[in-house]
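Colleague: Sequence first, then the predicted structure:
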Protein chains: 2
Amino acid sequence: MKDKINMKTIAGRAGVSVATVSRVINQNGRFSAETEARVRHVMEEMNYHPNTIAKSLREQHSRIIGVIVPDITNAHFAGLVLEIEKILFEHAYSTVICNTNESDALEKKHIDALLSQRVSGIIFISGKRHYSLHDVTVVYVDRRPDNYDTDSDCVVVESDNESGGYLAAECLIRKGCKDITMLYARTMDHNQKMRLTGYQKALAAHDLAVRALEADSVSVEAAAAKIKAYSRAGNRLDGLVCTTDLLAIGAMIGLRELGIGVPEDVKITGYDDSALATLYHPTITSVHQPVRDMARKTVSLLLDHMDGRQKESARYVLPVYLAERETTT
Amino acid sequence: MKDKINMKTIAGRAGVSVATVSRVINQNGRFSAETEARVRHVMEEMNYHPNTIAKSLREQHSRIIGVIVPDITNAHFAGLVLEIEKILFEHAYSTVICNTNESDALEKKHIDALLSQRVSGIIFISGKRHYSLHDVTVVYVDRRPDNYDTDSDCVVVESDNESGGYLAAECLIRKGCKDITMLYARTMDHNQKMRLTGYQKALAAHDLAVRALEADSVSVEAAAAKIKAYSRAGNRLDGLVCTTDLLAIGAMIGLRELGIGVPEDVKITGYDDSALATLYHPTITSVHQPVRDMARKTVSLLLDHMDGRQKESARYVLPVYLAERETTT
DNA sequence: TTTTAATGAGTAAACGTTTACTCATGAAAG
DNA sequence: CTTTCATGAGTAAACGTTTACTCATTAAAA
């Protein structure tokens, strides 16, 4: 094993003390230009990388942010992670990713591991519960924790789900639909509820009857089954607001099997504006969430709270828009 | 600021020395059952989490693995990351995610940051270049680095792209296609080339003419444009092997605009067996890569090399299979 | 009873940084 | 010529662990 190279090595080779090397690296205290040049040269030569672990120990913070996400495979979450990681890296933070696979036990384990790592902060993407982690600043994005109301010191960044539901429903109404239904999945979190609320408000505003269908799960099969059952039962239907692009696709598959055309007979909206929405045939009208803005806001809030620049808890709701496509023409 | 709790705090409260606390935590040396109970109780009580940073500094390794990925948004990469993170976590390793966005400069920066963090290992997902990082063990997955041949100490896990190309072509031949073409994207890496090779071998084995189309990029639009131009130029076509599901979808969109039916007039295969393949209409026959196995193999190789249990470089090629669906019926 | 061995637990050094003190040098000010 | 002050750079403590040495106590062996 060849001997470790550390500051002492560099200092020795450059004929200075470790303190001076540290000062050069961090552009801190005082040092002459020629000292700097000599130190830098040796560092290059030996391909030296300052040991972040020792630095973290000394400085008492790790410059690591933990990101807890239910499933990185979900395109919407992946988009958020991508942006968050990018922005954090620009601020010289590393991102450690934690997949919980929706398991509470796994989430707990991940949190413990992050606390042991003395992460500078934690971002929960679509986190269900609010943990009051005393020593570390926490931001929730994409979903307000279920116990939001009870506990106050909680920072949340969401998109405007109620408006999303409203916009989708309003679009169908504008296109002349009279028998509109919403299709959501059984596992209904706060976001889904808000979308439902928006949908209800839009219909009420136009004196239309409010109906809703609950699929057993957020899957193509469940959506197809539900919509087929609904249609076969003789219910009239010419507009469908889905809480997810996947549900919209499932619905279309179900309707196709019944020989019902989209958008001729039934117009449909999805939610999330995922890649699917533009690739599918017909292309899907979908509510677009400002993923990049959400990531930006999340990171800036996190950094502000970490610096102590801001203390109060807050909730930010970012605007959405409707991307109109073939399913509503 | 309330005072830090560390081993000394715990030791004091439990009436033992820090060494004993450490031994209890790590189940190392000797200690009595009642001492253990007392220590554990105090730890619980104070909600103590051992400081990984100090531990890492002392033990000279971080138990962090860096995963460098071009784009976490790509479903295939996201799947790999998900599995890798899961397996690593089971082995008590953390995963720090590094998106390079295909930028060499960013990749370099990420590598420097990882080396400074003294990561225990680095996994390159679909990495272009092979870096000889002396101090850290490296495994490449999904793609063999371009300079693989020149440098020897390099561990690679791939799936069998040549077989994939062969299987896809063979399926079309079996279904009676005579005028078969491959559609690939200009940015052709080693994997794409292997798929092309497999395709060529299959056609040659059945004495069929080998043709290939190059789309300007791996996008729906480029694929649609290319396939329309090819068809309008009067070329016969009844089978199409695409190197990506996205290209397959693009091709179908282009053909649809020309009134050409899939699979009646032209049969098509995709590659990656992404979510799109089963959701699209018609569902897409696609080559399935063993993502989970690749992740497992990658992690086990990494751990073995880190332990020094294995030293030699190696290349592992995992088998693929063809998921047949509507586009080839 | 004496010797030997096993057990439980403490002491202190080391890991690689950062930074509060310190100090020598030389220039400017008196 | 003395005093003051800015500059450049070194010394050593601290961050929170782990672990090689200790050593006292007690049990087993002789």
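Modeller: Structure's in. What do you need?
Colleague: so which helix or strand takes in the residue most central in space within chain A?
Modeller: Centroid-nearest residue in chain A: A:Leu80, 4.0 Å away (criterion: CA atoms, centre = their mean). Element membership of A:Leu80, judged by DSSP states H and E, is helix A:75-90.
Colleague: The residue nearest to the centre of chain A touches A:Arg296, doesn't it?
Modeller: No. Using CB atoms under 8 Å, A:Leu80 is not in contact with A:Arg296, being 10.8 Å away. (Each C-beta comes from the backbone N, C-alpha and C, glycine too.)
Colleague: ranges for the strands of chain A?
Modeller: Using DSSP state E, the strands found in chain A span residues A:64-69, A:94-99, A:121-125, A:137-141, A:155-159, A:180-185, A:211-215, A:239-242, A:267-271, A:285-288, A:314-318, A:321-323.
Colleague: quick one, which of these is nearest to B:Val157?
Modeller: strand A:94-99 (20.1 Å; CB to CB).
Colleague: what's the angle between the closest one and strand A:64-69?
Modeller: Using axes from the mean of the first three to the mean of the last three CA atoms, to 10 degrees, the inter-axis angle of strand A:94-99 relative to strand A:64-69 is 20 degrees.
Colleague: Other residues contacting strand A:94-99?
Modeller: Contacts of strand A:94-99 with the rest of the structure, by CB atoms under 8 Å, 6 or more residues apart in numbering or on different chains, involve A:63-72, A:81, A:84-85, A:88-89, A:106-107, A:110, A:113-114, A:117, A:119, B:64, B:81-82, B:85-86, B:89, B:94-97, B:113, B:117.
Colleague: Just checking the distance from that strand to the centre of its chain.
Modeller: 13 Å (CA atoms, centre = their mean, to the nearest Å).
Colleague: Going by neighbour count, which residues of that strand are buried?
Modeller: By neighbour count on 16 or more other CB atoms under 10 Å in any protein chain shown, the buried set for strand A:94-99 is A:Ser94, A:Thr95, A:Val96, A:Ile97, A:Cys98, A:Asn99.
Colleague: if we can go back for a sec, turn the strands of chain A into JSON lines, columns for mean pLDDT.
Modeller: What follows is the strands of chain A, written out as JSON lines (pLDDT from 0 to 100):
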{"stretch": "strand A:64-69", "mean pLDDT": "97"}
{"stretch": "strand A:94-99", "mean pLDDT": "96"}
{"stretch": "strand A:121-125", "mean pLDDT": "96"}
{"stretch": "strand A:137-141", "mean pLDDT": "95"}
{"stretch": "strand A:155-159", "mean pLDDT": "95"}
{"stretch": "strand A:180-185", "mean pLDDT": "96"}
{"stretch": "strand A:211-215", "mean pLDDT": "95"}
{"stretch": "strand A:239-242", "mean pLDDT": "97"}
{"stretch": "strand A:267-271", "mean pLDDT": "97"}
{"stretch": "strand A:285-288", "mean pLDDT": "98"}
{"stretch": "strand A:314-318", "mean pLDDT": "93"}
{"stretch": "strand A:321-323", "mean pLDDT": "98"}
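Colleague: and of the ones you listed, who's closest to DNA strand D?
Modeller: When these are compared by CB to the nearest atom of the strand, strand A:64-69 sits nearest DNA strand D, at 15.5 Å.
Colleague: which helices and strands sit right next to the closest one?
Modeller: Of the remaining helices and strands, those touching strand A:64-69 by 3 or more CB pairs under 8 Å, 6 or more residues apart in numbering or on different chains; DSSP states H and E are helix A:75-90, strand A:94-99, helix A:104-116, strand A:121-125.
Colleague: Buried deepest among those, which one?
Modeller: strand A:121-125 (a mean of 27; mean count of other CB atoms under 10 Å in any protein chain shown).
Colleague: If I take that one and helix A:104-116, what angle do their directions form?
Modeller: Using the same axes, to 10 degrees: strand A:121-125 against helix A:104-116 is 160 degrees.
Colleague: List the pairing partners of strand A:121-125 within its sheet, with orientation.
Modeller: strand A:64-69 (parallel), strand A:137-141 (parallel) (DSSP bridges).
Colleague: Among those, which comes closest to B:Ser56?
Modeller: B:Ser56 lies closest to strand A:64-69 among these, at 11.7 Å (CB to CB).
Colleague: Identify all contacting residues around that closest one.
Modeller: So strand A:64-69 is in contact with A:77, A:80-81, A:84-85, A:88, A:93-100, A:107, A:110-111, A:114, A:117, A:119-127, A:302, B:96, going by CB under 8 Å, 6+ apart.
Colleague: any idea how far the residue of the stretch 201-329 of chain A found nearest DNA strand D lies from A:Ile123?
Modeller: With CB to the nearest atom of the strand, the shortest gap between the stretch 201-329 of chain A and DNA strand D falls at A:Met306, namely 17.8 Å. Distance, A:Met306 to A:Ile123, using CB to CB, to the nearest Å: 12 Å.
Colleague: One more: A:Lys175?
Modeller: Between A:Lys175 and A:Ile123 the distance is 39 Å, computed by CB to CB.
Colleague: okay but A:Val138 is in contact with A:Val155, surely?
Modeller: Yes. With contact defined as CB under 8 Å, A:Val138 counts as touching A:Val155 (7.1 Å).
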